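Chemist: Compute the structure for the input listed below.
(one chain, ligands or ions: 1)
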Amino acid sequence: MQFRGSHILSVSQFDREAISRIFQVANEMAPYALRQQTSSVLSGAILSNMFFEPSTRTRVSFGSAFNLLGGHVRETTEVKASSLAKGESLYDTARVLSGYSDIIVMRHPNSGSVAEFAEASRVPVINAGDGSNEHPSQALLDLYTISRELAARGKTIDGMRIALIGDLKYGRAVHSLCKLLALFDNLHFKLVSPPELSAPDDIVGELAARGHAVQHYDEMSSGIHNVDILYVTRTQEERFPSQDEADRYRGLFRLNQNVYTEHCEPNTVIMHPLPRDSRSSAQELDADLNQNPNLAIFRQTDNGVLIRMALFALVLDVVDQVHRNARAVTWYTEKRDG
Ligand code: NCD
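Modeler: Numbering: from 1, shown residues only. Have a look, this model is predicted:
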């Protein structure tokens, strides 16, 4: 795949070779993300970070990734703060913003809207989540985390067993992750959800067509047994037709330390795209797991910076220049463990 100047809209753009390239560049970004070195390779470049839906880690990590490469970040965080609220079309917004930016990251509540925006943009656009459709950078950072967690346990993605738990209907992170995992060999998927929130047929069909084993569960204990990875998700309340309907599913699946100890193999990796819903009525991933060393959720969020730096470096074609612009840091920096 040619990264230079490309929009990143869907994980369907990637094959295994492209994924390996992204992961290789992500590895190279570690000294900058860890503040052992700085690079000013994107000095003068401007990112427009457009988030028309709530976001903390995706927005901040895209912005941090761009800053870590020396670029400037401009942010718009609400529809009501932009001219979309005055009836401006995505086409016009894209034409205007691409006049002011070198690259645009966009999150929008409607499926397909980021692709529509990208068609009018004159600079590369990265999809940071479009409705329940896709979330490519999240899936890449999840896959990167999975490969590192499995490697630490002497395993590979090929042949692994994964349980995906929760709202598999509206969860765009799960949709993109399944499409990426489909590219690997002999996986075993356990899809754990209420029947009404099961994964879309096209995604399940693609997994089966590529020869992966797929099993469906509507209760958690047998679904989480005998897997390498647990990928827990939040009920995507904001996508339900009504709050009443969303309330029906909140709190149905809860993973806590007792459930983990009783049903999971030792060392099963626990992941979640975050945010986890910590309200007492939900708690799909209990805080009592925080001391469990297999909880990889904050390794996921840290890895998000590496993956997003890699995407910027590849799309803006500066990978080879990053290190040439490197400097040692001069201020106090120390990341404490934990
Ligand atoms: C996810 C999203 O926005 O799709 N969050 C994220 O970007 N890390 C998952 C979610 O909101 O539940």
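Chemist: In the stretch 1-150 of the chain, mark out all the helices, start to finish.
Modeler: Assigned by DSSP state H, counting those that start in this stretch, the stretch 1-150 of the chain shows helices spanning 16-28, 30-33, 57-68, 90-98, 113-120, 136-152.
Chemist: any residues touching the fifth one, and which ones?
Modeler: Applying Cβ atoms under 8 Å, 6 or more residues apart in numbering, the set of residues contacting helix 113-120 from outside is 7, 9-10, 90-95, 98, 104, 106-108, 125, 127-128, 130-131. No exception for glycine: its C-beta is placed from N, CA and C like everyone else's.
Chemist: In ChimeraX, select just the buried ones from the residues you listed.
Modeler: In ChimeraX, this line selects whichever of the contacts of helix 113-120 come out buried by 16 or more other Cβ atoms under 10 Å:
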select :7,9,10,90,93,94,98,104,106,107,108,125,127,128,130,131
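Chemist: At the geometric centre of the chain, which residue do we find?
Modeler: For the chain, the residue nearest the mean C-alpha position is Q138 (1.0 Å; Cα atoms, centre = their mean).
Chemist: how about low-confidence regions in the chain?
Modeler: Along the chain, segments meeting pLDDT under 70 span 337-338.
Chemist: Which residue ranges make up each domain of it?
Modeler: Domain segmentation of the chain under automatic domain parsing yields 11-134+303-328, 136-298.
Chemist: Tell me who's in contact with the residue lying closest to G159 once chain neighbours are set aside.
Modeler: In space, and not counting its chain neighbours, G159 is closest to N186: 4.9 Å by Cβ to Cβ, 6 or more residues apart in numbering. Contacts of N186 were listed using Cβ under 8 Å, 6+ apart, and they are 158-159, 211-212.
Chemist: So N186 belongs to a helix, correct?
Modeler: No. Per DSSP: H, G, I helix; E, B strand; the rest coil, N186 lies outside any helix segment and is coil.
Chemist: all strands for the chain, in order.
Modeler: Ranges of strands within the chain are 37-39, 46-51, 72-76, 103-108, 125-130, 161-165, 188-192, 213-217, 229-232, 269-271, 326-328, based on DSSP state E.
Chemist: Of the ones you listed, which is nearest the ligand?
Modeler: Nearest to the ligand among the strands of the chain is strand 125-130 (4.8 Å), distances taken as Cβ to the nearest ligand atom.
Chemist: send the alpha carbons of the closest one over as CSV?
Modeler: This file holds the C-alpha atoms of strand 125-130, laid out as CSV (Å, rounded to 0.1, in the frame of the first residue of the first chain):
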residue,chain,number,x,y,z
VAL,A,125,-7.9,12.7,6.2
ILE,A,126,-7.7,10.2,9.0
ASN,A,127,-10.9,8.6,10.3
ALA,A,128,-11.0,8.9,14.1
GLY,A,129,-14.4,7.1,14.2
ASP,A,130,-17.5,7.5,12.0
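Chemist: helices or strands next to that strand in the packing?
Modeler: helix 57-68, strand 103-108, helix 113-120, helix 136-152 (3 or more Cβ pairs under 8 Å, 6 or more residues apart in numbering; DSSP states H and E).
Chemist: Minimum distance to the ligand, which residue of the stretch 101-250 of the chain gives it?
Modeler: Across the stretch 101-250 of the chain, the shortest distance to the ligand (Cβ to the nearest ligand atom) belongs to R234, at 3.9 Å.
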